[in-house]
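>>> Below is the sequence, then the predicted model.
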Amino acid sequence: MMPMRPSTVLLSCAITSLVASAALAQAVNYTSVEATAGKPLQLSYHASAHKNCTPAPLATFDVLQAPKLGLLIVRKAMLTTDKVAGCPHLKIPAEVVFYRGREGSAGTDHVIYKVTSSSGEVEVFDVTITLKPGPPPAPAPSPPRSQKNNSL
């Protein structure tokens with residue numbers, strides 16, 4: 001077995017630490033929004049395509065802090081875009097993240113979720129939500145009066 005030279009060991013360690021640092025790097029997106037109780041509010045959407053204009057696998061989601069006054073909802077959708085060079089009118093599957101405050105709730109809510117793309121890129125979304133109460137419910141219609149005993 002051939003002994004390693006000290007410079008080879010250092011280079012290996014440097015490359016290993018660079019790879020480990022890149023794997024741990026995450027983009028964190030902080031935002032504040034206003035929502036109305038009972039109405040869904042779109043927080044983000046996520047889609048990806050390969051260079052040959054075919055869809056990439058959908059991202060995965062992890063809720064790191066669930067909302068207390070509402071729900072975090074992820075729905076599948078179809079995205080049409082011209083923003084990918086060389087792929088005009090590209091249609092790809094997407095996932096859309098919504099927040100919906102519970103009816104009758106109001107106050108400050110907070111949610112944190114992590115999105116990992118099929119290529120391993122990680123983004124964390126840290127969202128503070130000011131939840132306003134929804135409009136009061138419409139009154140129920142009155143039942144019709146009986147027409148008996150009404151004479152002219």
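Yep, that arrived. Numbers count the residues shown, from 1 in each chain.
>>> Counting neighbours, what do you get for residue 122?
17 (other C-beta atoms under 10 Å). To be clear about C-beta, it is placed using only N, CA and C from the backbone, and glycine gets the same treatment.
>>> wait, it sits on residue 114?
Yes - in this structure, residue 122 is within contact of residue 114 by C-beta atoms under 8 Å, at 6.3 Å.
>>> now the helix or strand hosting residue 28, how far from the centre of its chain.
Under the criterion DSSP states H and E, the helix or strand holding residue 28 is strand 27-36. Centre-to-centre, strand 27-36 and its host chain are 10 Å apart (C-alpha atoms, centre = their mean, to the nearest Å).
>>> Ok, stretch 57-67 next?
Offset of stretch 57-67 from its chain centre (C-alpha atoms, centre = their mean): 7 Å.
>>> and the end-to-end length of that stretch?
One end of stretch 57-67 sits 27 Å from the other (C-alpha to C-alpha, to the nearest Å).
>>> and that stretch, what's its mean pLDDT?
The average pLDDT within stretch 57-67 is 95.
>>> what's the answer for stretch 118-134, then?
Mean per-residue pLDDT for stretch 118-134: 94.
>>> hey, what's in contact with both of residue 122 and residue 114?
Listed as contacting both residue 122 and residue 114 by C-beta atoms under 8 Å, 6 or more residues apart in numbering are residue 26.
>>> circling back: go through the strand holding residue 28 and flag the buried ones.
By neighbour count with 16 or more other C-beta atoms under 10 Å, strand 27-36 contains the buried residues residue 35.
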